[in-house]
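Colleague: predicted coordinates and the sequence they were generated for:
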Amino acid sequence: MPRSTPFPSASVSMSDLSPSDVRRLFAGSCAALAATGMTFSVRGDIMSALGQQFSLDHFQLGLIAGAAFYGYVAAILGGGLLVDVLGAGRILQAAFVAQVLGLLLTIASPGFALLFVGTLVVGLGNGFVEAAANPLVATLYPRRKSQRLNAFHAWFAGGLITGGLVGYGFTRAGLGWQAKLAAIIVAVAGYGAVLFRMRFPRMERVTAAVSDRDMFRTAARPVFLVFLGCMFLTASTELGPNQWIPDTLGRTAGASGILVLVFINGIMFASRTLGSRLTDKVSPVAVLAVSSVLAAAGLQMLSHARAPLAAYGAAAVFALGIGRMWPTMLGVVAERCPSGGSFVLALMGSGGMLATAVTLPWMGHLIDSQGVAGTFATVSVLPMLCAVVFLAVWLRDRALGGHRAQTLDLAAAQPQRSGSAGKAVDVLLDPGAQVGERYT
């Protein structure tokens, strides 16, 4: 075995990795995404404290929260273009540095300007995590992309839960917002320890020898553009309200906003882990259509919640709706547009984060001008628009025989593995794989 180095470049093929290597890479990616999730819930928890300490209104707080998404957009798009060249390991190294630096800048901030910059740098780190980890998971499990991306993104919800409990517990203990941010640094160090000396595989598109030209052409396909447009709306539906729930539900429904957020993400975690196998049996587009309807209903219910029990009931419906949105959107695109590789996944992630960066100050303005109830009701229009589009796509798929997961021809670009030995390696790397399976 070659000598490993800290975050080595993507210089090995999948056949050079053992099943334990694959599991460790997946686990480390999950830990990195969990740390990313913590930044979202902790930031939502400390919004009120930042507003009070630095005399900021909701619009300014929305700008600060939105900075994380602008950084996310830049990093996931840039990282998505570079991951095939530099390798997932080096992109994750950049994520590690940016997250630690951004958190330290935020902790030391004297006011709005450095809060904005620190949050922006944290967002860069968050974006690098997803830029590297999404195509890495798709490469590790080439024939179960939707299922494994759902399981992977469960740990974003897991990080949100952890961050929410940290926020609640630290508040009860009398600790300030700086201590809450410091706790995230511990989580970041954790995924660095897991991935520190791992070897990373070449990305699926590189192994299949798909040209850059074909990759960019894939991003212009109508089917991709339709899902990219929907990503703007599904991401805003999921991430916009989640950032404002901790700050608002205490005033409107008498519930602990941060505990409601933990409750929401507990349901999301369960739906992404326990329900990840659903995409093996049912069309992921059908899952998206149902999810959109549930998310819209949940937002409408949140707009009318005036008591803690009503808030938790509405939050449960909302969580069931948004729980599968982000990873299933990525999985559908990865399965329908495999030639686009990390680039199309980066476009999806950056598009979703850019939309959320715009949604957050917009929601802050709506809260200042028309209140929390009117804001949630207005945002509920976004998932309903998605439901119409997903239903149309599903009906078209049904007419053509159902959703079909496409895979790249890796065998044509590398030496053939013969007989049962080759099949054994395939099963070890991607157990239960089915090529070109249709879903209805």
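Modeller: Nice, I can see it. Numbers count the residues shown, from 1 in each chain.
Colleague: and whichever strand or helix holds residue 264, which residues are buried?
Modeller: Secondary structure from DSSP states H and E places residue 264 in helix 257-273. Going by neighbour count (16 or more other C-beta atoms under 10 Å), the buried part of helix 257-273 is 257-269, 271-273. The C-beta positions use only the backbone N, C-alpha and C, and glycine is treated the same way.
Colleague: let's see it as CSV, backbone CA atoms only.
Modeller: Coordinates of each C-alpha in helix 257-273 appear next as CSV, following Å, rounded to 0.1, in the frame of the first residue of the first chain:
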residue,chain,number,x,y,z
GLY,A,257,-37.7,28.1,18.7
ILE,A,258,-34.4,26.2,19.0
LEU,A,259,-36.1,23.1,20.3
VAL,A,260,-38.6,23.2,17.5
LEU,A,261,-35.7,23.4,15.1
VAL,A,262,-34.1,20.3,16.8
PHE,A,263,-37.5,18.5,16.5
ILE,A,264,-37.7,19.4,12.8
ASN,A,265,-34.2,18.1,12.2
GLY,A,266,-34.8,14.9,14.2
ILE,A,267,-37.6,14.1,11.8
MET,A,268,-35.4,15.0,8.8
PHE,A,269,-32.6,12.8,10.1
ALA,A,270,-35.0,9.8,10.5
SER,A,271,-36.5,10.4,7.0
ARG,A,272,-33.1,10.5,5.3
THR,A,273,-31.7,7.5,7.1
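Colleague: quick one: name whatever helix or strand follows the longest helix anywhere in the chain.
Modeller: Taking DSSP state H as the criterion, the chain has its longest helix at helix 341-379. Counting by DSSP H and E, the element after helix 341-379 in chain order, helix or strand, is helix 381-399.
Colleague: buried residues in that following helix?
Modeller: 382-387, 389-391, 393-394, 397.
Colleague: need these in TSV with pLDDT, can you?
Modeller: Conversion of the buried residues of helix 381-399 to TSV gives the following (pLDDT from 0 to 100):
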residue	pLDDT
382	95
383	95
384	96
385	96
386	95
387	96
389	96
390	95
391	95
393	92
394	92
397	85
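Colleague: relative to residue 315, which of those residues is nearest.
Modeller: The closest of the buried residues of helix 381-399 to residue 315 turns out to be residue 383 (C-beta to C-beta; 15.1 Å).
Colleague: can you pull out the strands in this structure?
Modeller: With DSSP state E as the criterion, the chain has strands at 403-404, 438-439.
Colleague: where's residue 46 relative to residue 111, distance?
Modeller: Taking C-beta to C-beta, to the nearest Å as the measure, residue 46 falls 15 Å from residue 111.
Colleague: contacting residues for residue 385?
Modeller: Applying C-beta atoms under 8 Å, 6 or more residues apart in numbering, we find residue 385 in contact with residue 233.
Colleague: just residue 293 next, same as before
Modeller: 321, 383-384, 387.
Colleague: now residue 73
Modeller: 127, 350, 353-354, 357.
Colleague: would you list those in JSON lines and tack on neighbour count and pLDDT?
Modeller: Output for those, formatted as JSON lines (neighbours: other C-beta atoms under 10 Å; pLDDT from 0 to 100):
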{"residue": "127", "neighbour count": "32", "pLDDT": "92"}
{"residue": "350", "neighbour count": "25", "pLDDT": "86"}
{"residue": "353", "neighbour count": "29", "pLDDT": "82"}
{"residue": "354", "neighbour count": "22", "pLDDT": "85"}
{"residue": "357", "neighbour count": "26", "pLDDT": "79"}
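Colleague: can you list those residues in TSV and add distance to residue 88?
Modeller: Rendered in TSV, the data for the contacts of residue 73 read as follows (distance: C-beta to C-beta, whole Å):
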residue	distance to residue 88
127	14
350	17
353	19
354	23
357	25
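Colleague: ok, those residues vs residue 53, which is closest?
Modeller: Distance to residue 53, by C-beta to C-beta, is smallest for residue 357 among these, at 23.3 Å.
Colleague: and residue 328, what pLDDT?
Modeller: Turning to residue 328, the model gives it a pLDDT of 90.
Colleague: could you do residue 137 as well?
Modeller: Each residue has a pLDDT score; the one for residue 137 is 90.
Colleague: all helices for the stretch 51-200 of the chain, in order.
Modeller: 58-86, 88-107, 112-140, 145-172, 177-195 (DSSP state H, counting those that start in this stretch).
Colleague: pretty sure residue 348 is in contact with residue 334, am I right?
Modeller: No - under the criterion of C-beta atoms under 8 Å, residue 348 is not in contact with residue 334, lying 9.1 Å apart.
Colleague: contacting residues for the closest residue to residue 162 other than its chain neighbours?
Modeller: What sits nearest to residue 162 in space, not counting adjacent residues and going by C-beta to C-beta, 6 or more residues apart in numbering, is residue 38, at 5.6 Å. Residue 38 makes contact with 159-160, 162-163, 166, 183-184, 187 under the criterion C-beta under 8 Å, 6+ apart.
Colleague: any idea which of the helices of the stretch 51-200 of the chain gets closest to residue 401?
Modeller: When the helices of the stretch 51-200 of the chain are ranked by proximity to residue 401, the top entry is helix 145-172, at 17.9 Å, counting by C-beta to C-beta.
Colleague: chain center to the closest one: distance?
Modeller: For helix 145-172, the separation from the chain centroid amounts to 11 Å (computed by C-alpha atoms, centre = their mean, to the nearest Å).
Colleague: for it, buried residues please.
Modeller: By neighbour count on 16+ other C-beta under 10 Å, the buried set for helix 145-172 is 145-164, 166-168, 170-171.
Colleague: got it, and stretch 199-218?
Modeller: With the criterion 16+ other C-beta under 10 Å, stretch 199-218 contains buried residues 199-208, 210, 215, 218.
Colleague: what's the first-to-last distance across it?
Modeller: Distance between the boundary residues of stretch 199-218 (C-alpha to C-alpha, to the nearest Å) amounts to 29 Å.
Colleague: okay but residue 334 is in contact with residue 138, surely?
Modeller: Yes - under the criterion of C-beta under 8 Å, residue 334 is in contact with residue 138, at a separation of 5.0 Å.
Colleague: which residues do those two both contact?
Modeller: 145, 149, 345.
Colleague: would TSV of those with pLDDT and distance to residue 302 be doable?
Modeller: Shown next, in TSV, are the shared contacts of residue 334 and residue 138 (pLDDT from 0 to 100; distance: C-beta to C-beta, whole Å):
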residue	pLDDT	distance to residue 302
145	78	32
149	86	27
345	87	30
